[in-house]
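> Here is a sequence with its predicted model. Questions after.
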Amino acid sequence: MDQPSPVPPAVPSETGPARVFAQAGHGVRVEWGPVGAERLAGEVACLVVVDVLSFTTSVTVAVEAGTRVFPYRWRDESAAVFAEQVGAALAVGRRAVSEVSPWSLSPAALRRAPFTPRLVLPSPNGSAIAAAAGDDVTVVAASLRNATAVGQWLSAHGYGTVEHPVGVIAAGERWPDGSLRPALEDLLGAGAVIAELLALGGELPSPEAAMAAVAFTGTPDPAAAVTSSSSGRELGEGGFADDVAVATELNVSHVVPVLTDGAFVGVG
């Protein structure tokens with residue numbers, strides 16, 4: 001794969017903070033977290049959610065099995081009410097998995113769990129980003145497992161041009177005070193999607209998007225980098241190394257989960 005240019009060509013000046021921070025004029029853009037998603041959602045034709053550890057990785061695992069995955073942004077009592085409303089099983093926290101509730105945000109647990117046709121997957125990061133997109137933009141779930149498939153799908157559907165821009169949202173994590181913690185795994189996941197899209201003709205990436213692509217293409221061993229990152233070590237030392245192993249299965253999945261009628265459904 002050709003490495004994208006780290007410095008994209010200049011674009012005509014756009015005035016106003018809203019346009020500047022939406023990276024207006026670029027065909028491929030990148031931002032962080034739910035606030036970044038809100039900033040780009042009204043300015044792009046497609047929003048790609050990247051939450052490698054572990055929301056979008058779990059979405060790919062579930063959708064591969066034929067499950068419709070309903071994102072839900074709150075992990076509280078209201079999630080159970082929502083699951084009942086949509087007739088779906090409810091994913092619980094990693095440490096709350098049981099025979100009665102075998103589904104969780106853990107992709108390794110999802111692989112072991114029995115099939116369910118509909119699943120509510122609460123996540124304050126990935127689900128919140130999907131919710132921030134609104135109803136007027138296509139939303140896709142990407143991870144390191146399906147980055148190439150997502151890039152190919154975006155290109156085939158005409159996204160990533162100045163006329164039909166795509167915004168790739170790296171979810172990041174949260175510090176204890178609730179502020180955003182940029183996370184290496186999501187930078188690499190976003191960069192993997194962007195690098196593939198640019199290799200297939202994506203137009204005029206913003207400097208932020210170009211740098212994300214270079215971060216991925218310039219990393220000799222993305223799996224090792226994620227495993228030894230802060231997020232990877234946190235999960236590994238907490239007893240969930242299997243989740244990191246699943247999340248770093250680079251490009252093993254050909255499924256592209258697209259948000260359709262409130263649920264992610266595989267189209268690849």
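That came in fine, so what should we check first?
> Only C-alpha atoms from now on, for both contacts and neighbour counts.
Will do.
> Next, the residue nearest in space to the middle of the chain: phi, psi?
With distances taken as Cα atoms, centre = their mean, Val50 lies nearest the centre of the chain, 1.7 Å away. Backbone torsions of Val50, given as degrees, to the nearest 10, read phi -130, psi 110.
> Please report how far it lies from Thr217.
17 Å (Cα to Cα, to the nearest Å).
> likewise Trp175?
Distance from Trp175 to Thr217, counting by Cα to Cα: 28 Å.
> swap in Ala142?
Relative to Thr217, Ala142 is positioned 17 Å away (Cα to Cα).
> neighbour count winner among these two?
Ala142 (34 against 20; other Cα atoms under 10 Å).
> what's the nearest residue to that one if we skip its chain neighbours?
Sequence neighbours aside, Val50 is the residue nearest to Ala142 in space, at 5.1 Å (criterion: Cα to Cα, 6 or more residues apart in numbering).
> so who does that neighbour touch?
By Cα atoms under 8 Å, 6 or more residues apart in numbering, Val50 lies in contact with Thr56, Gly126, Ala141, Ala142, Ser143, Val168, Ile169, Ala170, Ala171, Asp186, Gly189, Ala190.
> So the third one lies in a helix, does it not?
No - residue assignment for Ala141, taken from DSSP: H, G, I helix; E, B strand; the rest coil, gives strand, which places it outside any helix.
> The residue nearest to it when sequence neighbours are not counted: neighbour count?
Nearest residue to Ala141, sequence neighbours excluded (Cα to Cα, 6+ apart): Val49, at 5.0 Å. Around Val49 sit 32 other residues, with neighbours defined as other Cα under 10 Å.
> Val49 contacts Ala133, doesn't it?
No - taking contacts as Cα atoms under 8 Å, Val49 lies outside contact range of Ala133: 9.8 Å.
> Could I get the full set of helices for the stretch 101-250 of the chain?
Applying DSSP state H, counting those that start in this stretch to the stretch 101-250 of the chain gives helices spanning 107-112, 126-132, 147-156, 184-199, 207-217, 222-227, 230-237, 241-247.
> Show me the shaky parts of this structure.
1-18, 268 (pLDDT under 70).
> could you show me where the strands are in it, in order?
28-32, 46-50, 68-72, 89-90, 118-122, 138-142, 166-170, 173-174, 180-181, 257-260, 263-266 (DSSP state E).
> if you compare those strands, which one is most tucked away?
Comparing the strands of the chain on average neighbours per residue, with mean count of other Cα atoms under 10 Å, the densest one is strand 166-170 at a mean of 32.
> So in terms of bridging, what pairs with the residue nearest to Ala142?
Ala142, Ala170 (DSSP bridges).
> nearest spatial neighbour of Val44, skipping sequence neighbours?
Pro165 (5.0 Å).
> Trp175 and Glu185, how far apart?
Distance from Trp175 to Glu185, by Cα to Cα: 16 Å.
> Could you tell me how many residues sit around Ala96?
11.
> Please tell me how far it sits from Val265.
26 Å.
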